[in-house]
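Student: Give me a 3D structure for the following:
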Amino acid sequence: MNPAPADWVPGGLRSLLEESGAKISFLRHIDHGVQYRVTRGAESAILNVYTSGKISTGGKASSLRDAIENWRLTQPNVRANVNTGVAAPEPNGTPRVGTDEAGKGDYFGPLVVAGVRVLGVETARKLHDIGARDSKTLSVLGAVNVARRVLESVGPENTRVVVPQTLHDELLQSIELVLGSSMGAGQTYQWAVSHPEMVKRAAPIVGSSRTSEHNQVFLKSLRATLTLDPAFRGGEYSPDARPTAGMRAFARIYAGWGLSQAFYWEREYRTMGYSSLEDFLVGFWEGFWLDEDRDPNNLLAMLWTWEHGDVGRTPGFDGDTEAALRSIRCPLVAMPARTDLYFPPEDEQWASQFIAQGEVRVIDTIWGHFGGLGMNPADNAFVDRTLQELLDRPA
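Tutor: Next up is the predicted model:
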């Protein structure tokens, strides 16, 4: 254990340590960065600083670790003075599978394992060209962008994400009711397909088991609109210069799909406190999507997930959505909204015919997709009554 040279300690951290009476007891080089051990009396903590600017902390819970973690969260661009000197390999056609994992297991949450299969030099070259490499060498925004482009380059058939069975699975033998709205409805279908022995009842609300092509048209228009903003820069935009013009147009497109024609005809937005259409578009829609928490790359990742939603992709069904739906054992009551442009009742009626105990109850509303999102008291009452009836039904 050698003391860390002062030049290698980020300035802000050095000041924090001096003020709190802590010191760096040793350092070691790790892939793409430096790992420090910080000690103060009997307390110790680990700080990893990567060349990409990423920082992570570790060690036993303590006030020292909390202090370093609080410092870390305020340092978006700290860099370690490390150069591994290892060049990226040239693309070649050797078939390979790249895997990695995240998580700590049962105590800290599930372990998630992801893999990408590369077949042929053309795919390898695509990955090389988009900058696919060790995520520790990428910024957070860069990693999100590269992840999206990896999926586009290799195709979903060459990717797998696996959550191995955990202690939680062993302890959790049954679930009385799985429900969710919008994309959560798609997850509800997935639970019923993936765990037919566990799920006793299911209630997907304003969603579907497979994203329709009409729905995909909407999602593709959002993607095109956002990425055409010059400030998007292929996903490598600056946090201080986000693609706000693209996000504003993104919001305006959403406004025409999320709520129905009748909603606007009746000017129902006035019940929400907006005085005019423009007031509603700016105050509600743009106000929501231009919020700093709506990261454009995150939105694109969610769009991709929505666009490719299909329970037929569940391992063992080979893309056969009908077979996946037939595997559902529990009573399933789908609640589409009559005026939903994303997930119209016809989508759910199609799916229900393949589910032995499937049923469709339509929310009669002019609130479109929002009829299942808790916005309108009358629609909420309908959903609550249906859920209570489903829970009262023997499983």
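
Student: and residue 366, what does it touch?
Tutor: Counting by Cβ atoms under 8 Å, 6 or more residues apart in numbering, residue 366 makes contact with 260, 262, 263, 266, 268, 339. C-beta: built from backbone N, CA, C; applies to glycine.

Student: With adjacent residues omitted, what lies nearest to it?
Tutor: If the residues on either side of it in the chain are set aside, residue 366 comes closest to residue 262, at 3.9 Å by Cβ to Cβ, 6 or more residues apart in numbering.

Student: Kindly provide the distance from the most centrally placed residue in the chain to residue 162.
Tutor: By Cα atoms, centre = their mean, the mean C-alpha position of the chain lies nearest to residue 302, the distance being 5.6 Å. In this view, residue 302 and residue 162 are 21 Å apart by Cβ to Cβ, to the nearest Å.

Student: same question, residue 380
Tutor: 37 Å.

Student: between these two, who's got more neighbours?
Tutor: Ranked by neighbour count (other Cβ atoms under 10 Å), residue 380 and residue 162 place residue 380 first, with 15 against 12.

Student: Check the spacing between the more buried one and residue 23 real quick.
Tutor: 57 Å.

Student: how would you label the residue nearest to residue 366: helix, strand or coil?
Tutor: What DSSP: H, G, I helix; E, B strand; the rest coil gives for residue 262 is helix.

Student: can you count the residues close to it?
Tutor: 14.

Student: That one and residue 339 touch, don't they?
Tutor: Yes: judged on Cβ atoms under 8 Å, residue 262 makes contact with residue 339 at a distance of 6.2 Å.

Student: For residue 30, give the beta-bridge partners.
Tutor: Note on residue 30: beta-bridge partners by DSSP bridges are residue 33.

Student: close enough to count as contact, it and residue 46?
Tutor: No: contact criterion Cβ under 8 Å: residue 30 and residue 46 do not qualify, at 10.5 Å.

Student: so what's residue 124 closest to, chain neighbours aside?
Tutor: Nearest one to residue 124, counting by Cβ to Cβ, 6+ apart, is residue 91 at 3.9 Å.

Student: Same check on residue 28?
Tutor: Nearest to residue 28 is residue 35, by Cβ to Cβ, 6+ apart, at 5.3 Å.

Student: mean confidence for the strand or helix carrying that neighbour?
Tutor: Assigned by DSSP states H and E, residue 35 belongs to strand 33-40. Per-region confidence: strand 33-40 scores 82 on mean pLDDT.

Student: Report the angle between the helix or strand following it and strand 33-40.
Tutor: Sequence order places strand 43-50 as the next helix or strand after strand 33-40, per DSSP H and E. Strand 43-50 and strand 33-40 are oriented at 160 degrees to each other (axes from the mean of the first three to the mean of the last three Cα atoms, to 10 degrees).

Student: May I have the helix or strand following strand 43-50 exported as CSV, CA atoms only?
Tutor: As assigned by DSSP H and E, the chain's next helix or strand after strand 43-50 is strand 55-58. Extracted in CSV, the C-alpha atoms of strand 55-58 (Å, rounded to 0.1, in the frame of the first residue of the first chain):
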residue,chain,number,x,y,z
ILE,A,55,-16.9,8.0,-10.5
SER,A,56,-18.1,5.3,-8.2
THR,A,57,-17.8,4.6,-4.5
GLY,A,58,-17.8,1.5,-2.4
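
Student: check contacts around residue 68.
Tutor: Neighbouring residues of residue 68 by Cβ under 8 Å, 6+ apart: 13, 16, 38, 45, 47, 57.

Student: Between all of the residues you listed, which two are separated the most?
Tutor: Within those, two members stand farthest from each other by Cβ to Cβ: 16 and 57, at 12.5 Å.

Student: of these two, who's got more company?
Tutor: residue 57 (19 against 16).

Student: wait, doesn't that one sit right on residue 47?
Tutor: Yes: if you go by Cβ under 8 Å, residue 57 and residue 47 touch, sitting 5.7 Å apart.

Student: Can you report how many residues neighbour residue 46?
Tutor: 15.

Student: For the stretch 151-300 of the chain, which residues score under the pLDDT cut-off?
Tutor: Within the stretch 151-300 of the chain, the stretches with pLDDT under 70 are 164-171.

Student: wait, residue 174 sits on residue 201?
Tutor: No: Residue 174 lies out of contact with residue 201 (Cβ under 8 Å); the separation is 10.3 Å.

Student: And the two? Which one has more around it.
Tutor: Each of residue 174 and residue 201 has its neighbours counted (other Cβ under 10 Å); residue 201 has more, 21 against 10.
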